[in-house]
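Colleague: Here is my input, please return the structure:
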Amino acid sequence: MRREPFGMSAGASRLSATEHASDGGSRYRLRDLFTPLDTLLASGGDPRLALDPKERVNAYGCAPSPEPELWNFASSTASTISQMAYDRAALAREELMHKCLFDEVEVAFDARCEDMRDELRGHLQLSPRIDVVFSPSGTDSQLHALCVARAVLGAPPVTIVVGADQTGSGTTHTARGHHFSTMTASGIAVRKDGAVTGLAGDSIAVPLIDMAAGVAMRQDADDVVLRAIETSLAQGRGVLLQIMDCSKLGWRAPTTACLDEIARRWPGKVQVVVDACQARLGRRRLRSYLDRGYMVLITGSKFFGGPAFSGALLVPKGRSRSLDRMGAIAPGLFDYAGRSDWPTAWTALRSRFERRPNFGQWLRWEAALAEIGSYYAVPEAFRAKALFEIAAGVDSMIALSPSLRPVPAAVENTGADDEEFAQATIFPFTLLRGGKPVSIAETGAVHRALARDMSEEIGGSASDRQVAAQRCLIGQPVRLERQDDAPQAALRLCVGARLVTEAWSPDPAQAQRNVRHVLDRIAHVLVKIELLLDRGMAATALDKPAFEV
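Modeller: Next up is the predicted model:
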């Protein structure tokens, strides 16, 4: 089987693993760094990252280079790369090129990845005892978490997925140790939903939407989780419990009380991993999860607004020691990680993996770290104030719109450790026309039309054409199943870190004007939605919708 070098895009020249192990392979990797930056940023991921040949955007509608004219309220899905983040990636590449003149590519790359771990821990205020495993995406990180859980529990666990209806589509596969795509980030062709050799197991899905109550969060989630754990343990199986801290609709489950009950009843028998890929949680809450011995899945590409595809698994030291002492490694895991993905302290584990730098993954994390650092450089009081004011404004605008019906928030489950995230940052809504729900197909078409200049199709007054011309991204449609009724789809307006960073000013009056400017743009987006629905343009002008991928 041929495998593509991490640093190269699809269709580029390929070398075999054997060729890469030679000195010539190292020189070839150095040459990879001279690939155009846009190509590198779009490399080293699964097919979702590939650019459409015509539109030059990935599956999320994002280009690999900055598009400042495109308004971005899509951070629950993916964001366009900012100029600041793009510049950091360019500088990082130059610096690595310089270091490679004095050291082997893999050695220099390894050192840079370790520095990034330190930088991420610093931004998130984490202890040096927290290990960071990098990956191309949060979906890849789920496979890493499954591998750690097997080592900790001493046997293949059953994975219980809380919020299975509101997490990434690949979780259905990775929870069972199966391939989630037809190609791994390392360029290896696989069979989607085929078993990852040595990782395959069982999973139990716990959806959060109560279909009988319309679009609302079920009230019995804690009980369902406890019963699933009890049943699995009674069958002699260990449990990897994947809990949800900010779903696609902004929900969290199970409750803290439920987690306390699990720890009391089954100490050492349930390994918890937190799906925090949205990264919409306070740093105190993040630390509390890790202090409990939980693993945490995060990305730099959701709330923080880095380019799509930058995943990481945060592992408490006690759990990481179990993995480093593990005898056999699932053979299929070698297709999903290179040596530099693992912390340098994990010497025994690292020694079994190929030296296989993923330049695309690295550069996307460089970009994400620029966004994370900029966000936390903003004073905490302003972050909280800005998110509160934007949330209040968005809630009010959605409530006043005749064509938007808000999706109810989950039952309150917030505390002091939520910090600024006590406020919602994802605002889901369904579409109406004449008081009746709009079809799934048209909802998806509206989403696609928002990202295009629709001034010619809309016509009308100069003001209407100006509104229709503005290109904007919002969160991709989320399918909502309903009991005894046709399914719907929800769109999402999302507030990400970059909106707060760009609104900040040491001048309070200017900062307030900046926040109002954000709200003005959101109002503009909602008016465009109204125009598209009123004129019926989206349904006729565009093709099938694309759901969250």
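Colleague: Quick check: the residue at the greatest distance from the centre of the chain vs L533, distance?
Modeller: Distance to the chain centre peaks in the chain at S461, reaching 39.3 Å (criterion: Cα atoms, centre = their mean). To L533, S461 is 17 Å away according to Cβ to Cβ, to the nearest Å. (Each C-beta comes from the backbone N, C-alpha and C, glycine too.)
Colleague: again, but for E94
Modeller: Taking Cβ to Cβ, one finds E94 at 48 Å from L533.
Colleague: between those two, which one's more packed in?
Modeller: L533 (22 against 11; other Cβ atoms under 10 Å).
Colleague: Let's test this: mean pLDDT of whichever helix or strand that one is part of, rounded?
Modeller: Secondary structure assignment for L533, by DSSP states H and E: helix 508-535. Throughout helix 508-535, pLDDT has a mean value of 96.
Colleague: For the stretch 1-150 of the chain, give me the ranges with low pLDDT.
Modeller: 1-28 (pLDDT under 70).
Colleague: Helices of that one, start to end?
Modeller: 17-21, 23-32, 37-41, 83-100, 105-124, 138-153 (DSSP state H, counting those that start in this stretch).
Colleague: any residues touching the longest one, and which ones?
Modeller: Helix 105-124 is touched from outside by 26, 29-30, 33, 92, 96, 99-100, 126-128, 130-132, 134, 283, 286, 312, 339-341, 343-344, 355, 357, 362, 365-366, 369, 372-373, 376, with contacts defined as Cβ atoms under 8 Å, 6 or more residues apart in numbering.
Colleague: Let's see the ChimeraX selection covering just the buried ones among these.
Modeller: For anyone working in ChimeraX, the buried entries among the contacts of helix 105-124, judged by 16 or more other Cβ atoms under 10 Å, can be selected with:
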select :26,29,30,33,92,96,99,100,126,130,131,132,134,283,286,312,339,340,341,343,355,357,362,365,366,369,372,373,376
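Colleague: I529 - how many residues pack around it?
Modeller: I529: 24 neighbours (other Cβ under 10 Å).
Colleague: Would you mind confirming that it makes contact with L450?
Modeller: Yes - in this structure, I529 is within contact of L450 by Cβ atoms under 8 Å, at 7.1 Å.
Colleague: Would you tell me what helix or strand A185 is located in?
Modeller: Per DSSP H and E, there is no helix or strand for A185.
Colleague: and the closest residue to it other than its chain neighbours, how many residues sit next to it?
Modeller: Distance criterion Cβ to Cβ, 6 or more residues apart in numbering; nearest residue to A185, sequence neighbours excluded, is P136 at 3.9 Å. P136 has 28 neighbours, counted by other Cβ under 10 Å.
Colleague: can you give me the end-to-end distance of stretch 338-352?
Modeller: With Cα to Cα, to the nearest Å as the measure, the first residue of stretch 338-352 is 9 Å from its last.
Colleague: which residues does S401 contact?
Modeller: By Cβ under 8 Å, 6+ apart, the contact set of S401 is 526, 529-530.
Colleague: Columns distance to D165 on top of the residues you listed, output as TSV?
Modeller: Output for these, formatted as TSV (distance: Cβ to Cβ, whole Å):
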residue	distance to D165
L526	26
I529	24
E530	29
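Colleague: of those residues, closest to L290?
Modeller: Proximity of the contacts of S401 to L290 (Cβ to Cβ) peaks at L526, which lies at 38.6 Å.
Colleague: got the contact list for that closest one?
Modeller: Applying Cβ under 8 Å, 6+ apart, we find L526 in contact with 397-398, 401, 404.
Colleague: again with K248
Modeller: By Cβ under 8 Å, 6+ apart, the neighbours of K248 are 76, 166-167, 426, 428, 475, 478, 492, 548.
Colleague: In strands, which of those fall?
Modeller: 426, 428, 475, 478, 492 (DSSP state E).
Colleague: What is the most widely separated pair among those residues?
Modeller: Checking the ones in strands among the contacts of K248 with Cβ to Cβ, the most distant pair is I426 and V478, at 10.1 Å.
Colleague: thinking again about what came up before, between the contacts of L526, which is closest to G194?
Modeller: Closest to G194, out of all of those and judged by Cβ to Cβ, is L404, at 41.2 Å.
Colleague: Ramachandran angles for that closest one?
Modeller: With angles defined as degrees, to the nearest 10, L404 sits at phi -120, psi 130.
Colleague: Show the contacting residues for it.
Modeller: If you count contacts by Cβ under 8 Å, 6+ apart, L404 has them with 398, 429-432, 526, 529.
Colleague: swap the cut-off to 7 Å and go again
Modeller: By Cβ atoms under 7 Å, 6 or more residues apart in numbering, the residues touching L404 are 398, 429, 431, 526.
Colleague: Ok, D165 next?
Modeller: By Cβ under 7 Å, 6+ apart, the neighbours of D165 are 207-209.
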